[in-house]
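Q: give me a 3D structure for the following:
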Amino acid sequence: MSDDQTGAFENAKSMSIIVTKGSLDWAYPPFILGTTAAAMDLDVTMFFTFYGLPLLNKKLDLKMTTLGNPAMKMPMAGMHMAMPNIIAALPGVDRGATTMMKNLFKKKGVASIEELREAAVESDVRMIACQMTLDLFEMDRKDMIDGIELGGAATYIDVATKSDINLFI
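A: Just a heads-up that it's a prediction; the model follows:
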């Protein structure tokens, strides 16, 4: 990393993340990046909208997205095997892939989404649930974890215009 890049990072004080996907594989990047940034003393705001909003539910039942994911290669029998879309389309394959992935996370010592989410709460990551999405999908605020805020696009834009780093995941 050049001195210019290092200096730019040292000046970064805040980060915002738009979280738009709520499957098991898509839940990890925003929580890992958010908690890491918070541990590095950045002020972090995560804005959960559309399919990312269920990640704020108290009870999670996350599944893998195997269909249409050609990059997904699982370590099996000493090699990495990709799952063809024809197999991913069969009933029960998502659940099987989810179980395999959760077992792999556990075996490799990777924190669960619940643990990462709790770390975000403990690190004072600001989590905003999109009010429009809540209304659109008829979700109930009481089913969500404590400590989150409700807001809309204007809330996110206000945060984003003041953030040094903005991510869309």
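Q: so what's the gap between the host helix or strand of Phe47 and the chain middle?
A: Using DSSP states H and E, the element containing Phe47 is strand 43-48. Centroid separation for strand 43-48 versus its chain: 11 Å, with C-alpha atoms, centre = their mean, to the nearest Å.
Q: cool, stretch 45-59 as well?
A: From the chain centre to the centre of stretch 45-59 is a distance of 8 Å (C-alpha atoms, centre = their mean).
Q: list the contacts of Ile18.
A: Neighbouring residues of Ile18 by C-beta atoms under 8 Å, 6 or more residues apart in numbering: Phe47, Thr49, Gly52, Tyr156, Asn166, Leu167, Phe168, Ile169. To be clear about C-beta, it is placed using only N, CA and C from the backbone, and glycine gets the same treatment.
Q: how much space is there between it and Gly78?
A: 39 Å (C-beta to C-beta, to the nearest Å).
Q: tell me which residue lies nearest the centroid of this protein.
A: Ranked by distance to the mean C-alpha position of the chain (C-alpha atoms, centre = their mean), the top residue is Ala27 at 3.0 Å.
Q: give me the neighbour count for the closest residue to it other than its chain neighbours.
A: Nearest residue to Ala27, sequence neighbours excluded (C-beta to C-beta, 6 or more residues apart in numbering): Ile113, at 4.8 Å. Other residues near Ile113 come to 18 when the count uses other C-beta atoms under 10 Å.
Q: can you pull the pLDDT of Ile113?
A: On pLDDT, Ile113 comes in at 96.
Q: I figured the residue nearest to the centre of the chain hits Pro54, correct?
A: No - applying C-beta atoms under 8 Å, one finds Ala27 not in contact with Pro54, separated by 9.5 Å.
Q: run through this structure and note the low-pLDDT ranges.
A: Filtered on pLDDT under 70, the chain yields the residue ranges 1-10, 66-77, 80-92.
Q: give me the contacts around the strand holding Phe47.
A: 13-19, 30, 34, 37-38, 55-56, 120, 123, 125-130, 133, 151, 155-156, 159, 163.
Q: please flag which of those sit within helices.
A: Among the contacts of strand 43-48, the members falling in helices (DSSP state H) are Pro30, Gly34, Ala37, Ala38, Ala120, Thr133, Thr155, Tyr156, Val159.
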